[in-house]
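K.L.:
sequence first, then the predicted structure:
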Amino acid sequence: MEELWNIFPLHLRDFINECFRQQKPEEIRMRIGRPILLDTGSEELFWDKQSGQLTKSMDGAYTASEADIKEIVLHMSKYSLYAFEEELRAGFLTIRGGHRIGIAGRAVCEKGSIRTIRQISYLNIRIAGEKKGCADSLLPYLRSGETVYNTLIVSPPGIGKTTLLRDCIRQLSTGDADHPGLTVGVVDERSELAACYLGQPQNDLGPRTDVMDGCPKSEGMLLLLRSMSPQVIGVDELGGQEDFDAVEYALHCGSRILGTIHGENLEEMKRKPHLSRWLSQGFFERYLLIRREGTKERKIAIFDDRLEQIC
């Protein structure tokens, strides 16, 4: 956590210590002129500027200043925003340790495309956190002999599909006494799976995993197929037609697919135009549906290629 601590101004480092003394937040959101907000996944907390304690009340909470955000941006870019202009264009920057910092402000456009972002006024600091072993109980349903079923993980945003995919990749790449490790190619368009910093993954994706970082999913899958011969391709948040075309091409090339997609339920999936043909023809052999129950509880149901529940 030292790298995260070091990007904050000196007068806010006690606040960071207090955050992690009480409980580890998932996100720290900072907006100029607004209270700093901590999201723990189950509740929102603020930092009381008088007591120095975390509280659920916004009254008396510390308000982020323009100077606070400017200093954090300078620290996270190592005092060279120009060197990280490509990352800034994508709207986020990953620092050592895998922490990902989303930014928003004034977009500078050129020929209809974003060239960079200036006057950064909003930060979303997402705390890196691996949950190794979270896929333990699911992997037996995803394995097919010495390989895996083509699997699609479905869930609404923010309840763990990327975390689950990451652990599946790690375990498949590592292997165990009964299953050999597999060569896995990961297309990490938004640097959420591997959390690469200067090209090096900060998250553990296993010893046989190759990562194409910051690359559009459709192009990345084709590049991996040509260059790295993956047995399995892991890809997060499939969306457009070009993504599904690349997945179909990969399946015809003999690679297995582990993917995720946004969705509340299977009925919503059936209405997605890009998925209807896949559902009818059984391209995917396993579907994992993650649902939220209460503030912290998550329930996972597993379906086969006919959308019949098996677990």
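P.N.:
Thanks, I have it. Residues are numbered from 1 along each chain as shown.
K.L.:
helices or strands up against the longest helix seen in the chain?
P.N.:
As assigned by DSSP state H, the longest helix anywhere in the chain is helix 161-174. The contact analysis (3 or more Cβ pairs under 8 Å, 6 or more residues apart in numbering; DSSP states H and E) places helix 161-174 against helix 139-142, strand 151-155, strand 184-188, strand 209-213, strand 232-235, strand 256-262, strand 286-293. C-beta coordinates here come from the backbone N, C-alpha and C atoms, glycine included.
K.L.:
of all those, which one is nearest C109?
P.N.:
Nearest to C109, of all those, is strand 209-213, at 24.8 Å by Cβ to Cβ.
K.L.:
tell me which residues of the closest one are tucked away?
P.N.:
209-213 (16 or more other Cβ atoms under 10 Å).
K.L.:
note down every partner strand of that strand and its orientation.
P.N.:
The sheet places strand 209-213 alongside strand 184-188 (parallel), with pairing taken from DSSP bridges.
K.L.:
contacting residues around the residue lying closest to L152 once chain neighbours are set aside?
P.N.:
Spatial nearest neighbour of L152, chain neighbours left out: F284 (4.7 Å); criterion: Cβ to Cβ, 6 or more residues apart in numbering. Counting by Cβ atoms under 8 Å, 6 or more residues apart in numbering, F284 makes contact with 149-152, 257, 278, 305.
K.L.:
wait, a helix at D68?
P.N.:
Yes - per DSSP: H, G, I helix; E, B strand; the rest coil, D68 lies within a helix segment.
K.L.:
and the pLDDT at it?
P.N.:
Residue-level confidence at D68 comes out at 95, pLDDT.
K.L.:
is the residue most central in space within the chain in a helix, a strand, or coil?
P.N.:
Residue closest to the mean C-alpha point of the chain, counted by Cα atoms, centre = their mean, is E192 at 3.4 Å. E192 falls in the coil class when you classify it by three-state DSSP.
K.L.:
ok, now how distant is it from G133?
P.N.:
As judged by Cβ to Cβ, to the nearest Å, E192 and G133 stand 19 Å apart.
K.L.:
cool, and F284?
P.N.:
F284 is 24 Å from G133, by Cβ to Cβ.
K.L.:
just give me the closest of the contacts of F284 to H179.
P.N.:
Y149 (13.4 Å).
K.L.:
tally up the residues packed near the closest residue to the closest one other than its chain neighbours, please.
P.N.:
Leaving aside its chain neighbours, Y149 sits nearest to E285 (3.9 Å; criterion: Cβ to Cβ, 6+ apart). Using other Cβ atoms under 10 Å, E285 has 18 other residues around it.
K.L.:
can you start the count at 9 instead of 1 from here on
P.N.:
Yes, from this point I'll number from 9; that puts the last item at E293.
K.L.:
contacts only, for E293.
P.N.:
152, 157-159, 312-313.
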